[in-house]
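sequence and predicted structure, then a few things I'm wondering about:
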Amino acid sequence: MDKVKGMMFPGAGGGEDNSADGVPWWMKYLGKAAGITAGVVAMLFGVWCCITIFPLCIVAGIWQISAGFLMIVIEAPFCCMFLDFVASFAEMVERRPPWQKTALYIVLAIPPIFLCMGLTTLVGSGAIAATGVLYGMQVIGKKASSQDMAAAARGDAEPDEKNIMDDGDWQTNP
């Protein structure tokens, strides 16, 4: 089963509670599912956006179709097994930190909105951007415990940085 899971979702994590990067397995699969859904939505609304007489809207639709296909290639490489470069490309992207995937999806979502402001571009690009936000939440990480947050608010915790000027040591050892 692990071999099938590794082939379908390379680098998505396993059944353990937390992987080495501290992101829970369910959050990784949620990002994958959102990416696959957003890719399909972006491609469908990109085709719908291309049905127009305005050239910039056609370009925005083509951009959305391309972005949706790229998301499918990254998030669900098993859908494109007939292309031989897809598996290696998906594994390369999965080895990258989540903030880079966040930046990629946000950057992919912006141009269609500026090219052709309409419902089709807002829905398609919004789905791509929402996936970027989910990966951004993985970058932020787990929230601190309530005891740690209360201690930080009271100022009870030891400061993270020490001011070397407070000790007076700088005068004796210049």
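Yep, that arrived.

what score does Q100 have for pLDDT?
Turning to Q100, the model gives it a pLDDT of 90.

meant to ask about W63, not that
In the predicted model, W63 carries a pLDDT score of 94.

apart from its neighbours in sequence, what residue is nearest it?
Spatial nearest neighbour of W63, excluding adjacent residues (CB to CB, 6 or more residues apart in numbering): P112 at 5.0 Å. Backbone N, C-alpha and C define where each C-beta goes, glycine included.

check which helix or strand covers the one you found.
helix 98-115 (DSSP states H and E).

who's in contact with that helix?
Residues outside helix 98-115 that contact it (CB atoms under 8 Å, 6 or more residues apart in numbering): 21, 23, 35, 46, 49, 56-57, 59-61, 63-64, 67, 70-71, 74, 93, 121-122, 124-126, 128-129, 131-133, 135-136, 138-139.

pull the distance from that helix to the chain's centre.
10 Å (CA atoms, centre = their mean, to the nearest Å).

what element comes up after that helix heading to the C-terminus?
Sequence order places helix 119-140 as the next helix or strand after helix 98-115, per DSSP H and E.

for the next helix or strand after that following helix, what is the average pLDDT?
Sequence-wise, the next helix or strand downstream of helix 119-140 (DSSP H and E) is helix 146-154. The predicted model assigns helix 146-154 a mean pLDDT of 76.

look up how far A33 lies from Y105.
14 Å (CB to CB, to the nearest Å).

between the two, who's got more neighbours?
Y105 (28 against 15; other CB atoms under 10 Å).

drop anything exposed from the contacts of helix 98-115.
Buried positions within the contacts of helix 98-115, assessed by neighbour count (16 or more other CB atoms under 10 Å), are 23, 35, 46, 49, 57, 59-61, 63-64, 67, 70-71, 74, 93, 121, 124-126, 128-129, 131-132, 135-136, 138.

quick check: closest non-adjacent residue to C49.
Per CB to CB, 6+ apart, closest to C49 is G61, 3.4 Å.

what strand or helix carries the one you found?
helix 55-75.

pLDDT score assigned to P77?
Value listed for P77 in the pLDDT field: 84.

rewinding a little: angle of the helix holding G61 against helix 98-115?
Interaxial angle of helix 55-75 relative to helix 98-115 (axes from the mean of the first three to the mean of the last three CA atoms, to 10 degrees): 160 degrees.

ok and the very next helix or strand once past helix 55-75 relative to helix 55-75, angle-wise?
From helix 55-75 onward toward the C-terminus, using DSSP H and E, the following helix or strand is helix 86-95. Angle, helix 86-95 to helix 55-75, by the same axes, to 10 degrees: 80 degrees.
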